[in-house]
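Asks: Structure for this input, please:
(one chain, ligands or ions: 1)
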Amino acid sequence: MTELKVISASAPGALPAEPFMARHLIDGMWRDSADGQVFERHSPAHGVLVTRAALGGEAEVEAAIAAARRAFDEGGWPEMSGKERAAILLRVADLIDRERERIALLETLESGKPISQAMAEIEGAADLWRYAASLARTLHGDSHNSLGSDLLGVVLKEPVGVVSVITPWNFPFLIVSQKLPFALAAGCTTVVKPSELTPATTVILGELMAEARVPPGVVNIVLGYGQPVGAKMTTDDRVDMVTFTGSTGVGKAIVAATSGTLKKVSLELGGKNPQVIFPDADLDSAVDAVVFGVCFNAGECCNSGSRIIVHEDIAEEVIARVVALSREVPFGDPLNPETQVGAIISREHQAKIDSYVKAAADEGAEVRLGGAALRVPGLAGQFYQPTIVAGVRSDMALAREEVFGPVLSVLTFRDEVEAIALVNDAAYGLSAGVWSENVHTCLSFARKVQAGTVWTNTWMDGFAEMPFGGVKQSGLGRELGRYGLDEFLEVKTVTMRIGRTRAPWVNTGSHA
Ligand code: NDP
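Replies: Numbers count the residues shown, from 1 in each chain. Below is the predicted model:
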């Protein structure tokens, strides 16, 4: 039996006596579904009912898109000054801070993530609203006064229009905050659909936006499934853009669905993110980052450091140290403030994680730690042991596909050329990391790897100012930073002539 640090059921008082009731927000009104249908979400850690939500259908999406269209075309949101929009976004940020504990508790109950992590994410989300407010005020285009003394060129940046915002279950509040305030700062109006597994905190955000006086119709929220809600949000011709975070499979389906109306699309998809460890690395820091990279959010993270590529001379030492440190990570009841890894989102997902590990073992890989579900005393939900699999070959599914669980694949390399080849031998290109005390090794790595983000001697540091997104099949476009605002803007070229200096195209003889 694997010795792990298991935190048993420990905070029963925090479990809800009554479920959170979630409704759609359409044109500033909270609504049940026209047909009265609802769906329920139970806590993946405790098995208790957390949320009862209205189940949206065609009627609700139709009304939400119509409201967003009206708010954009007639409601005055895009015409409002950046200063006014920024003031509203700042009020939302303050309200998020005020409601931080309530939001974090529901986030933990619906997703199974540790409460301390949820608290940090809500704080980070408020920061994103503040940063987007600063972009709303500083948004500007460009001018060209070098086209000739009789010409002036102006490049305007205008909001794209109505944006569909579709989010997943792994970081519900943080991911909606990576998109929504940037869209609003640009002057867009929106229809938002959270994952059906984690609707509650997006609904709370809707309450806070109403309190912050976001005008009716500017943000609409429809609860329900990808079919039909998400699908209609990607095909309706009144929608100008779709921003999506989730699986690569659904991302591809969205690109296909939007092609009929040629919408702008921004996608944050999966990753199979490697950390390469050279023999001269500071192993104390590298090993800690490896354990953090794979265990954070139980590995249910697009940025999960799910592959390490270790120099063969130090591979055994690194594996032994990663196994030892993984045993020290507190796994268990997400409501306990000491817990660092909580529950897996659903039983089906847990089975999928397990099937990847079993398949790799069948193909000759060696499970050095974990490789099975974890029993947490007093809790009915599903947990998966931190799992370290050595001897993984790059042709195995475990090395290539997004497992989305606390499962680390260990591969080895002999020289830099082989390490870079292994990094780039992937359909994904979200992030990559390197551990070496030699700055030349780090810089060379950063230049050669195919990834949207490179970390050298660190892992998963993120900032509102720094763009985030992937290359290859990890996505299209960028979030955060000034680039994150640009996604929601169209460029309009205005060319102005000063005086009657234009030579006539048709020569009538009258302009002698
Ligand atoms: P999905 O990509 O299926 O879901 C993400 C969001 O898209 C949800 O809101 C979902 O709705 C919605 N959706 C589903 N189908 C459509 C559609 N045809 N059109 C528009 N919207 C749609 O992720 P899952 O939650 O099903 O997770 C499956 C796998 O995806 C995970 O195991 C993981 O590997 C990966 N994943 C990756 C993430 C990332 O950040 N890279 C995040 C989440 C998952 P619904 O409510 O029906 O689920």
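
Asks: ok, which stretches of the stretch 351-500 of the chain are helices?
Replies: Taking DSSP state H, counting those that start in this stretch to define them, one finds helices in the stretch 351-500 of the chain at 397-400, 416-424, 439-448, 481-486.

Asks: Count the residues that sit near residue 150.
Replies: Neighbours of residue 150 under the rule other C-beta atoms under 10 Å: 12. The way it works is simple: take the backbone N, C-alpha and C, and place the C-beta from them, glycine included.

Asks: start at 23 instead
Replies: Fine by me, first position is 23 from now on; the one you just mentioned is residue 172.

Asks: picking up where we left off before, select, out of the helices of the stretch 373-522 of the chain, the one closest to the ligand.
Replies: helix 419-422 (12.3 Å; C-beta to the nearest ligand atom).

Asks: Pull out the buried residues from that closest one.
Replies: Buried residues in helix 419-422, counted by 16 or more other C-beta atoms under 10 Å: 420, 421, 422.

Asks: ditto for stretch 435-455
Replies: Neighbour-count burial for stretch 435-455, counted by 16+ other C-beta under 10 Å, picks out 435, 438, 441-442, 444-445, 448, 450-455.

Asks: Tell me the secondary structure of the most centrally placed residue in the chain, please.
Replies: Taking C-alpha atoms, centre = their mean, the centroid of the chain lies closest to residue 197, which sits 4.4 Å from it. Of the three states, residue 197 takes helix under DSSP: H, G, I helix; E, B strand; the rest coil.

Asks: distance of it from the ligand?
Replies: Going from residue 197 to the ligand by C-beta to the nearest ligand atom, to the nearest Å gives 7 Å.

Asks: low-scoring stretches of the protein, by residue?
Replies: Along the chain, the model assigns pLDDT under 70 to residues 23-24, 532-534.

Asks: Alongside the ligand, which residues does it contribute?
Replies: 188-192, 215, 217-218, 247-248, 252-253, 256, 267-269, 272, 275-276, 291-292, 324, 371, 424, 426 (C-beta under 6 Å from any ligand atom).

Asks: Now a PyMOL select for only the buried ones of those residues.
Replies: To isolate in PyMOL the members of these that are buried, counting by 16+ other C-beta under 10 Å, one can use:
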select buried, resi 188+189+190+191+192+215+217+218+248+252+253+256+267+268+272+275+276+291+292+324+371+424+426
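
Asks: What separation do you get for the closest residue to residue 102 other than its chain neighbours and residue 314?
Replies: Spatial nearest neighbour of residue 102, excluding adjacent residues (C-beta to C-beta, 6 or more residues apart in numbering): residue 209 at 7.3 Å. Look at residue 209 and residue 314: by C-beta to C-beta, to the nearest Å, they are 38 Å apart.

Asks: Quick check: the gap between residue 455 and the ligand.
Replies: In this view, residue 455 and the ligand are 17 Å apart by C-beta to the nearest ligand atom.

Asks: pretty sure that residue contacts residue 296?
Replies: Yes: contact criterion C-beta atoms under 8 Å: residue 455 and residue 296 qualify, at 7.2 Å.

Asks: now the lengthiest helix in the chain: how far from the chain's centre is it?
Replies: If you go by DSSP state H, the chain has its longest helix at helix 137-160. Relative to its parent chain, helix 137-160 has a centroid offset of 14 Å by C-alpha atoms, centre = their mean, to the nearest Å.

Asks: That helix: which residues count as buried?
Replies: Neighbour-count burial for helix 137-160 [16+ other C-beta under 10 Å]: 137-141, 143-144, 146-159.

Asks: which non-adjacent residue is nearest residue 487?
Replies: Nearest non-adjacent residue to residue 487 (C-beta to C-beta, 6+ apart): residue 503, at 5.4 Å.

Asks: For the one you found, give me its contacts.
Replies: 486, 487, 488, 489, 490 (C-beta atoms under 8 Å, 6 or more residues apart in numbering).

Asks: Let me have those residues in a markdown table, adding neighbour count as columns.
Replies: Below are those laid out as a markdown table (neighbours: other C-beta atoms under 10 Å):
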| residue | neighbour count |
| --- | --- |
| 486 | 21 |
| 487 | 11 |
| 488 | 13 |
| 489 | 17 |
| 490 | 22 |
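
Asks: Between the residues you listed, which sits nearest the ligand?
Replies: Scanning the contacts of residue 503 for proximity to the ligand, where the rule is C-beta to the nearest ligand atom, the winner is residue 490, at 11.1 Å.

Asks: Surely the closest one touches residue 484?
Replies: Yes: taking contacts as C-beta under 8 Å, residue 490 lies within contact range of residue 484: 6.5 Å.

Asks: which residues are common contacts for those two?
Replies: The contact sets of residue 490 and residue 484 overlap at residue 502 (C-beta under 8 Å, 6+ apart).
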